[in-house]
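Peer 1: Just a sequence and a predicted model for now, questions to come.
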Amino acid sequence: MIAIKFENISKQYRLGLVSTRTLGHDLNRWWQTNIRGKEDPYLTIGSVNDRSTKADSDYVWALRDINFEVEQGDVVGIIGKNGAGKSTLLKILSKVTTPTTGTIKAKGRIASLLEIGTGFHPEMTGRENIYMNGAIMGMTRAEIARKFDEIVDFAGVERYIDTPVKRYSSGMTVRLGFAVAAFLEPEILVVDEVLAVGDAEFQKKAIGKMQNISHGDGRTVLFVSHNMTSLRQLCSKGFLLINGSISYSGEIGDTITTYLESSLPHNTLFSESITSKQSYLKIKNLEINDQVGNPIILHHSNNSIEIKIEGEINIPAKIGLEIRIYDKNQSPLAFYSPCHYKGYTPDYNAGEFSIRETLMLPKEINKGIYFLSLFLTDPGVITHLAMENAITIEIEGFPTKTGHVFEYDRGAGFLFLK
């Protein structure tokens, strides 16, 4: 049975404004659509939803020609970079905003958790907000009362249930918001990235509850997250959004793989990913294994990462190297910081400076794609330079094992996380 059906859904915004906000545009739109019976003239203009490029029009398509169906009981992950249109899609489904074109058919009640405090009145207590949200969803007072204790227990806010929500922390608010959305028996549950605000215990409980909702009760869940592990654990299917359009749909594992491969910084120069935090430090050269661009290929006979950084500073400064390595699911694998383990950060005089380090990866590491983030810092004081996931490492020829369990070399400052 089809629970949700999107048919040719598009959403257009005018940059910086609500509606067109110009009399000429409004009159033209009214004349063309109401008097002449023609299509909205502004539907034929507008640029693609790419936040990284300069706009060539006052209009932008946040979503364009979205078509998909979700079966009842499915748990679907919606994946994409920031600004891809994920939240806009969920807002349209939740009727927070309306589509510019197209229609949506949804079977049953929809409960949404799109941002912290969704549907809550800050001046009302937690108790009052639970009853208000239940009434909005069409539940009777008796039905809400029957679920009330479960909601409060799950949220863990019993002590503050009669306190105005405006005095809740963000974690408490999202706990109560999720509990209300999940326990008031909606046929469709829509959850945006707000679960990331909660602690690890709550995230585990929330994932378990959504699994029970879908598998036990046969209800439908749409879940947006950047946590690939949670998506794999919870979802069976996925959609990949790129610049407001569905680029891929299929099994969640295949969708995640497609997303991660599309995000690889292949064939890019390291210099393009350098973000200097302070003007007094300038990087002139960055090489890894004598290369200046991705990817770095490692194999059984070559498992070292040799880093060379050359630059110039205008004033005396402390500069320490920090390396973080993540697997393709963005789970942390290793941390490298000589300063952290040796207890001091080298001092550099004004002028030219050079940093050279060699890291040895264990030969037991799995084959695959890994991401390396590089930072120059004065630990706890300032970050001179940041390169987040800017370097791709492709490991070939190493044994493939389940999980990553390694010893760590405290003297070298290379810590492998279990």
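Peer 2: That came in fine, so what should we check first? Residues are numbered from 1 along each chain as shown.

Peer 1: Excluding residues flanking it in the chain, which one is nearest the most centrally placed residue in the chain?
Peer 2: Nearest to the geometric centre of the chain sits H226, at 3.1 Å (C-alpha atoms, centre = their mean). Distance criterion C-beta to C-beta, 6 or more residues apart in numbering; nearest residue to H226, sequence neighbours excluded, is E193 at 6.6 Å. From N, CA and C alone the C-beta is placed, and that goes for glycine too.

Peer 1: I'd say the one you found and L231 touch.
Peer 2: No: E193 lies out of contact with L231 (C-beta atoms under 8 Å); the separation is 11.2 Å.

Peer 1: Please say which of those two ends up with more neighbours.
Peer 2: Remark: of E193 and L231, L231 carries more neighbours, 25 against 17, as counted by other C-beta atoms under 10 Å.

Peer 1: per-residue pLDDT, the residue nearest to H226?
Peer 2: For E193, the pLDDT comes out at 77.

Peer 1: can you check R109 too?
Peer 2: 83.

Peer 1: just the helices in the stretch 101-250 of the chain please.
Peer 2: 126-136, 141-155, 170-183, 200-211, 228-234 (DSSP state H, counting those that start in this stretch).

Peer 1: looking at these, which is buried most?
Peer 2: Ranked by mean neighbour count under mean count of other C-beta atoms under 10 Å, those are led by helix 170-183, which reaches a mean of 23.

Peer 1: tell me which strands and helices it is in contact with?
Peer 2: strand 110-113, helix 126-136, helix 141-155, strand 188-191, helix 200-211 (3 or more C-beta pairs under 8 Å, 6 or more residues apart in numbering; DSSP states H and E).

Peer 1: Kindly calculate the angle that the third one makes with helix 170-183.
Peer 2: Inter-element angle recorded for helix 141-155 and helix 170-183: 140 degrees (by axes from the mean of the first three to the mean of the last three C-alpha atoms, to 10 degrees).

Peer 1: What helices and strands are in contact with helix 141-155?
Peer 2: Under the contact rule (3+ C-beta pairs under 8 Å, 6+ apart), helix 141-155 is packed against helix 126-136, helix 170-183.

Peer 1: got TSV for those, with distance to Y13 and mean pLDDT too?
Peer 2: What follows is these, written out as TSV (distance: least, C-beta to C-beta, whole Å; pLDDT from 0 to 100):
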stretch	distance to Y13	mean pLDDT
helix 126-136	27	90
helix 170-183	26	86
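
Peer 1: mind checking which of the ones you listed is nearest D327?
Peer 2: helix 170-183 (27.3 Å; C-beta to C-beta).

Peer 1: related to what we said a few turns ago, distance of the residue nearest to H226 from E115?
Peer 2: Using C-beta to C-beta, to the nearest Å, E193 is found at 9 Å from E115.

Peer 1: Check K204 too.
Peer 2: According to C-beta to C-beta, K204 stands 22 Å off from E115.

Peer 1: and if you look at F223?
Peer 2: 15 Å.

Peer 1: okay, those two: which has more neighbours?
Peer 2: Neighbour comparison, F223 and E115: the larger count goes to F223, with 26 against 17 (by other C-beta under 10 Å).

Peer 1: I'd guessed that one sits against D74; true?
Peer 2: No: using C-beta under 8 Å as the test, F223 is too far from D74 to be in contact (10.7 Å).

Peer 1: Tell me where the chain is predicted with low confidence.
Peer 2: Residue ranges of the chain with pLDDT under 70: 15-26, 28-34, 36-58, 196-198, 263-267, 275-279, 300-301, 340-342, 363-364, 397-418.

Peer 1: what's the domain layout of it?
Peer 2: Following automatic domain parsing, one finds the domains of the chain at 2-7+67-263, 270-416.

Peer 1: so can I have TSV of those domains showing distance to I35?
Peer 2: Listed next are those as TSV, based on distance: least, C-beta to C-beta, whole Å:
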stretch	distance to I35
domain 2-7+67-263	20
domain 270-416	52
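
Peer 1: hang on, the earlier thing: show me whatever sits in contact with both of E193 and L231.
Peer 2: Contact criterion C-beta atoms under 8 Å, 6 or more residues apart in numbering; residues shared by E193 and L231: S225.

Peer 1: Tell me where the stretch 301-418 of the chain has strands.
Peer 2: 304-313, 317-318, 320-327, 332-336, 347-348, 351-360, 368-378, 382-395, 414-416 (DSSP state E, counting those that start in this stretch).

Peer 1: Switch the ones you listed over to TSV; also include distance to D217.
Peer 2: Putting those into TSV (distance: least, C-beta to C-beta, whole Å) gives the following:
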stretch	distance to D217
strand 304-313	49
strand 317-318	57
strand 320-327	34
strand 332-336	35
strand 347-348	61
strand 351-360	49
strand 368-378	37
strand 382-395	38
strand 414-416	41
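
Peer 1: Mind putting those strands into JSON lines with mean neighbour count?
Peer 2: As requested, the strands of the stretch 301-418 of the chain are arranged in JSON lines below (neighbours: other C-beta atoms under 10 Å):
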{"stretch": "strand 304-313", "mean neighbour count": "16"}
{"stretch": "strand 317-318", "mean neighbour count": "18"}
{"stretch": "strand 320-327", "mean neighbour count": "19"}
{"stretch": "strand 332-336", "mean neighbour count": "19"}
{"stretch": "strand 347-348", "mean neighbour count": "14"}
{"stretch": "strand 351-360", "mean neighbour count": "13"}
{"stretch": "strand 368-378", "mean neighbour count": "20"}
{"stretch": "strand 382-395", "mean neighbour count": "19"}
{"stretch": "strand 414-416", "mean neighbour count": "20"}
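
Peer 1: Please identify which of those strands is closest to Q12.
Peer 2: strand 382-395 (31.6 Å).

Peer 1: All good on my end, thank you.
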